[in-house]
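Peer 1: A predicted structure for the sequence below; I have some questions about it.
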Amino acid sequence: MSKVYVLFAALLCVALSSAAQKQLLPSSAGLRYSEQVSNGPAGSCGCFTMQGMAADSTWTIRQLPSGGILNLAGDFGLENTPNIHGDGYGLTLTTYTAGPRFTFVTPSSHPFVQALFGLAHGTDSEFPSSGNNLKTSANSFALDLSAGLDYTVLHHLSLRVAQVDYLRTALPNNSNNWQNNLRISAGITLRFQH
């Protein structure tokens, strides 16, 4: 399974470097505060919340006749909780994803939708491994389907009013090894081009 992660990461790097050859600098970069709701560990009920930050960049691939923009987006997320349901362990979740973003352009806003794929890295927790052993960290595939809205404040500065992400990870959990996460974030976006 780790070969799949390496291959996928390599493909993301090739895609990003291809976009970078056409356009060295990103067309936008953003920083956001995020809050994430995640499903509980196997055998427990309820959800838990994590807080952290997220950052993203885009590279313009093509201006579309409809007035929209097709971008290549890269997103980095880092969320943490010190204690899950009083079980004595927490979770730090780091995600690295990239993929297509379609942005609609209006004079005052830039709403967008995106489908990103990449890697998730969980640390400072307990993950089952072979036998009855526990590991403190694990890696998995990550899928991030999101929508957001940037409201233009100045020509090159926008407020990320909201971004809502459905983030699916596959960290080991002694059950189905799938986690469904809802991440809501807000922050600022700098635009370097239109």
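Peer 2: Looks like it came in fine.
Peer 1: can you pull out the strands in this structure?
Peer 2: Taking DSSP state E as the test, the strands found in the chain are 28-39, 47-63, 69-81, 91-103, 109-123, 127-128, 134-135, 138-154, 157-169, 179-191.
Peer 1: name every strand pairing with the third one and say which way it goes.
Peer 2: So the one you mean is strand 69-81. Here strand 69-81 has these sheet partners by DSSP bridges: strand 47-63 (antiparallel), strand 91-103 (antiparallel).
Peer 1: and the gap between residue 99 and residue 61?
Peer 2: Residue 99 sits 11 Å away from residue 61, going by Cβ to Cβ, to the nearest Å. Quick note: C-beta positions are derived from backbone N, CA and C, even for glycine.
Peer 1: what residues are shared contacts of the two?
Peer 2: The overlap between the contact sets of residue 99 and residue 61 (Cβ atoms under 8 Å, 6 or more residues apart in numbering) consists of residue 72.
Peer 1: about what we covered before: and the strands of the chain, which one averages the lowest pLDDT?
Peer 2: Lowest mean pLDDT of these: strand 127-128, a mean of 80.
Peer 1: for that one, packing partners?
Peer 2: For strand 127-128, the elements it packs on are strand 134-135, judged by 3 or more Cβ pairs under 8 Å, 6 or more residues apart in numbering; DSSP states H and E.
Peer 1: direction included, what does the strand it packs on pair against?
Peer 2: strand 127-128 (antiparallel).
Peer 1: now do the strand it pairs with: distance to the chain's middle.
Peer 2: 23 Å (Cα atoms, centre = their mean, to the nearest Å).
Peer 1: hmm, back to that, any chance of the strands of the chain in CSV, with mean neighbour count too?
Peer 2: Shown next, in CSV, are the strands of the chain (neighbours: other Cβ atoms under 10 Å):
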stretch, mean neighbour count
strand 28-39, 19
strand 47-63, 18
strand 69-81, 21
strand 91-103, 21
strand 109-123, 19
strand 127-128, 20
strand 134-135, 14
strand 138-154, 18
strand 157-169, 18
strand 179-191, 18
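Peer 1: ok, the nearest residue in space to residue 153 that is not next to it in sequence - contacts?
Peer 2: Leaving aside its sequence neighbours, residue 153 sits nearest to residue 159 (Cβ to Cβ, 6 or more residues apart in numbering; 5.8 Å). When contacts are counted by Cβ under 8 Å, 6+ apart, residue 159 touches 150-151, 153, 186-189.
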